[in-house]
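Show me the folded form of this:
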Amino acid sequence: MTGPDGPGPDGRAVRVLVVDDDPQIARALRINLTAHGYHVAVAGDGRSALRAVGDLRPDVVVLDLGLPDLDGTDVIAGIRGWSEVPIVVLSARTGSADTVTALDTGADDYVTKPFGMPELLARLRAAVRRAATTPGPGERTVSFGEVEVDLGRKRVRRAGENVHLTPTEWGMLEMLARHPGRLVSQRDMLTHVWGPRYEDRTNYLRVHLAQLRRKLEAEPSRPRHLLTEPGMGYRLEPGDTAS
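Here you go, the predicted structure:
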């Protein structure tokens, strides 16, 4: 029976892969997530997690960084080599450097232990929602530099080649692309991508925008299109497109 969080966008239960080497935490997560309608699989180390992502194709991964065989950031990098599945880090590491490293490697969110189950559930819902957002039919393509952002197909191409974005990166780029040339405030961006509880997590924005610039700007350290308005927000400046 489906729990309070309900089924996924296609009507089936959302598949969660929990990666944690602590049996008590893994068991608690399995019980609580199952009670809320999720279909849960568990992996106890990094190599098992990488295999499980390929075999099970989960809708979201909950990942501990302190694994016995691989560091969690290596697992993130391994997943991001071929998959855009949302990754929510669940870790006892509380330093800002650890958070930034995980997000910069490709994680979509970061929750520190000890954690409250309602908060984790909210983060999972947000991650799945971002990944499942499908634009309406007939939406336009926004171009800047060598980049084309197809809002209808949820696809990004640079110089004719597909660019793989994480769901969080897509959420940020989509919001900017829907308002080209206009300032998008930090608060609006955080609320749109992460939800209203994360209005003060400006470090998330800096990390993911830096990642977008690396993927889309010709000179990431001197961006021409994905611009920061200090203390206010961000702006997509279409400028001249490539000929």
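
where does the closest residue in space to Thr202 that isn't next to it in sequence land on pLDDT?
Nearest non-adjacent residue to Thr202, counting by Cβ to Cβ, 6 or more residues apart in numbering: Gln186, 5.6 Å away. All C-beta spots, glycine's among them, are computed from the backbone N, C-alpha and C. Looking at Gln186, its pLDDT reads 89.

ok, now how distant is Gln186 from Asp74?
31 Å (Cβ to Cβ, to the nearest Å).

Low-confidence ranges, this structure, go.
1-11, 133-139, 196, 240-243 (pLDDT under 70).

can you give me the strands for this structure?
15-19, 39-43, 60-63, 87-91, 109-112, 141-144, 147-150, 155-158, 161-162, 183-185, 226-229, 233-236 (DSSP state E).

Summarise which helices and strands the last one is packed against.
Read that as strand 233-236. In terms of contacts (3 or more Cβ pairs under 8 Å, 6 or more residues apart in numbering; DSSP states H and E), strand 233-236 is packed against helix 167-177, strand 183-185, helix 186-193, strand 226-229.

Which of Gln186 and Asp74 has more residues huddled nearby?
Shown here are Gln186 and Asp74; by other Cβ atoms under 10 Å, Gln186 has more neighbours (20 against 15).

list the contacts for that one?
Counting by Cβ atoms under 8 Å, 6 or more residues apart in numbering, Gln186 touches Glu199, Thr202, Leu205, Met232, Gly233, Tyr234.

at 7 Å what do you get?
Residues near Gln186 by Cβ atoms under 7 Å, 6 or more residues apart in numbering: Thr202, Leu205, Gly233.

and the last one, what is it in contact with?
When contacts are counted by Cβ under 7 Å, 6+ apart, Gly233 is found next to Leu183, Val184, Ser185, Gln186, Met189.

make it 10 Å
176, 182-190, 202, 205, 227 (Cβ atoms under 10 Å, 6 or more residues apart in numbering).

Just the buried subset of these, please.
Leu176, Val184, Gln186, Met189, Leu190, Leu205 (16 or more other Cβ atoms under 10 Å).

and those residues, which two are the farthest apart?
Using Cβ to Cβ, the pair of the buried ones among the contacts of Gly233 lying farthest apart is Leu176 and Leu190, separated by 13.5 Å.

Pull out the buried positions in stretch 111-126.
For stretch 111-126, a neighbour-count test (16+ other Cβ under 10 Å) marks Val111, Leu120, Leu121, Ala122, Arg123, Leu124, Arg125, Ala126 as buried.
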